[in-house]
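Trainee: build me a structure from this.
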Amino acid sequence: QREVVDLLLVSLFSQGHGLFIGVPGLAKTLLIHTLADCLDLEFKRVQFTPDLMPSDITGTEVLEEDRSSGRREFRFLPGPVFTHILLADEINRASPKTQAALLQAMQEGKVTVAGQDHPLPRPFLVYATQNPVEQEGTYPLPEAQLDRFLFSIEVTYPDLDEELEVVRRTTAGPPPAVRKVLDPGRIARLQGLVPRVPVPDATLSYAVRVVRATRPGPEAPRAVTEYVAWGAGPRAAQHLILGAKARAMLDGRFAAGPDDVMALVRPVLKHRIVTNFRAEAQGVGVDEILDEVVRAVPRA
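Mentor: Numbers count the residues shown, from 1 in each chain. Just a heads-up that it's a prediction; the model follows:
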């Protein structure tokens, strides 16, 4: 799962939220919790269910009475969103109204309750999990929310050697203590360095052209014209470049290049492309469409 860990770190330093897609039992929650522990970040988890209300996430105002004066006033009780890392477990089990409660927090880093703005801690990241198999009792994520996620990260089954190592380590005794390697202040400073990583104009152009190639139109690749209802928007290109900068920084390189963009095409674009009925009828997936997009767009 090295690629999953790499994408998680890229999302952290580029200040982007992540959507983890995988069947139960693949340690998605453990991975995110361990990240929070080793970076000394506050971690909170919300189990999304059909009866979860928006105020269960953002917080609410309660009426309190001062016993000495008898005066009553409202006091804001912050919800679990007031943390560094929020795990939205099985996010697609909550109603669209509740899912939408995260939109402002993910985009603006604050929540508004009763007309008052409440800033969130820095850094603030939302990592959501989703089970791709079980669809009963779930709600599809709205496109506006999907677009807020920097990456959609597919967590697959480990290979034989990895699974053997997992079983060996987890059945041999208590888990080892997590060693803290960073703190919120240092993370914020590193996040501030990412936008300053240089990107050549050719790489910037390549990222924008890849994103534009996912939109149906006269110049789009054949697979896009035939099978895509709508493609990725400008935010996808922003996320591609920010992710490429963070990847280059983590690699110890001075500038981001087209290889960084290429490595992030699938996690950045896959959840932003909506296929049409013809694609569903013919069994054409987003991966096949992205393959043709990458082949059709020259790097230079």
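Trainee: can you give me the strands for this structure?
Mentor: Counting by DSSP state E, the chain has strands at residues 17-21, 43-47, 59-65, 72-78, 85-89, 110-113, 116-119, 125-130, 149-154, 228-230, 274-275.
Trainee: any chance of TSV for those, columns distance to residue 299?
Mentor: (C-beta placed from N, C-alpha, C; glycine too.) Formatted as TSV, these follow (distance: least, CB to CB, whole Å):
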stretch	distance to residue 299
strand 17-21	27
strand 43-47	39
strand 59-65	47
strand 72-78	47
strand 85-89	35
strand 110-113	39
strand 116-119	41
strand 125-130	31
strand 149-154	22
strand 228-230	22
strand 274-275	26
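Trainee: let me know the pLDDT of the nearest residue to residue 121 once chain neighbours are set aside.
Mentor: Once flanking residues are discounted, residue 121 sits nearest to residue 84: 5.6 Å by CB to CB, 6 or more residues apart in numbering. For residue 84, the pLDDT comes out at 93.
Trainee: what about residue 84, distance to residue 12?
Mentor: 10 Å (CB to CB, to the nearest Å).
Trainee: residue 231 now?
Mentor: Counting by CB to CB, the gap from residue 231 to residue 12 is 27 Å.
Trainee: of these two, who's got more company?
Mentor: residue 12 (24 against 21; other CB atoms under 10 Å).
Trainee: leaving out sequence neighbours, find the closest residue to residue 294.
Mentor: residue 265 (6.2 Å).
Trainee: what number of residues lie near the one you found?
Mentor: Residue 265 - counted by other CB under 10 Å - has 21 other residues nearby.
Trainee: which residues are in contact with it?
Mentor: By CB atoms under 8 Å, 6 or more residues apart in numbering, the residues touching residue 265 are 210, 240, 290, 293, 294.
Trainee: one step back: closest to residue 260 out of the strands of the chain?
Mentor: Between residue 260 and the strands of the chain, the tightest spacing by CB to CB is seen for strand 149-154, at 13.7 Å.
Trainee: can you give the strand pairings for the closest one, parallel or anti for each?
Mentor: Paired neighbours of strand 149-154 in the sheet (DSSP bridges): strand 17-21 (parallel).
Trainee: export the partner strand as CSV, just CAs?
Mentor: Extracted C-alpha coordinates of strand 17-21, given in CSV (Å, rounded to 0.1, in the frame of the first residue of the first chain):
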residue,chain,number,x,y,z
HIS,A,17,-9.0,16.4,1.4
GLY,A,18,-9.1,12.7,0.5
LEU,A,19,-11.8,10.1,-0.3
PHE,A,20,-10.7,6.5,0.4
ILE,A,21,-12.6,3.9,-1.5
